[in-house]
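S.K.: What would the 3D arrangement of this be:
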Amino acid sequence: MTLEREDVEKIAHLARLAVAEEQLETLRGELAGILRLVEQMDELDTGDILPMAHPLEMTQRLRPDLVTEENHREEYQAVAPLVENGLYLVPRVIE
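M.R.: Numbers count the residues shown, from 1 in each chain. Below is the predicted model:
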């Protein structure tokens, strides 16, 4: 795939990048190189390759699901100005 100057300008606009006029040609060459690499990878037969979530064969270490802190809700709400049924009451801001 070949990129024209207008394509690079449009890509830069969509990416919200400010690209100087003198950089457009250099950027066009770099983007064309990336697209050539993608075309080369697209030609490879990957039908026998299983998808991976991560390139390394590792399992996620999980911590035990244990309660590590006690419930202090009553203590925290004791100093709150307004509480009802275990919920903090705040002034209405939307009418």
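S.K.: hey, let's count contacts and neighbours off CA atoms from now on
M.R.: Fine.
S.K.: quick one: residue 9 from residue 25, how far?
M.R.: Per CA to CA, to the nearest Å, residue 9 is found 10 Å from residue 25.
S.K.: When these two are compared, which one has more neighbours?
M.R.: Higher neighbour count among residue 9 and residue 25: residue 9, with 19 against 14, using other CA atoms under 10 Å.
S.K.: so which strand or helix has the more buried one?
M.R.: Per DSSP states H and E, residue 9 falls inside helix 5-14.
S.K.: all helices of this structure, in order?
M.R.: Using DSSP state H, the helices of the chain run over 5-14, 24-43, 73-78.
S.K.: which residues touch the last one?
M.R.: With contacts defined as CA atoms under 8 Å, 6 or more residues apart in numbering, helix 73-78 is touched by 83, 86, 88.
S.K.: Any regions of this structure where pLDDT drops low?
M.R.: Applying pLDDT under 70 to the chain flags no residue at all.
S.K.: switch the cut-off to 90
M.R.: For the chain, the stretches flagged by pLDDT under 90 are 1-3, 46-47, 49-61, 63, 92, 94-95.
S.K.: quick one: furthest residue from the center of it?
M.R.: Distance from the centre of the chain peaks at residue 78, with 40.5 Å (CA atoms, centre = their mean).
S.K.: That one and residue 90: what is the separation?
M.R.: For residue 78, the distance to residue 90 - CA to CA - is 15 Å.
S.K.: What of residue 63?
M.R.: On the measure of CA to CA, residue 63 and residue 90 end up 36 Å apart.
S.K.: which of the two has more neighbours?
M.R.: A count of neighbours by other CA under 10 Å puts residue 90 above the other of residue 63 and residue 90, at 9 against 6.
S.K.: Surely that one touches residue 80?
M.R.: No. Using CA atoms under 8 Å, residue 90 is not in contact with residue 80; the gap is 10.1 Å.
S.K.: got the contact list for residue 67?
M.R.: Per CA under 8 Å, 6+ apart, neighbours of residue 67: none.
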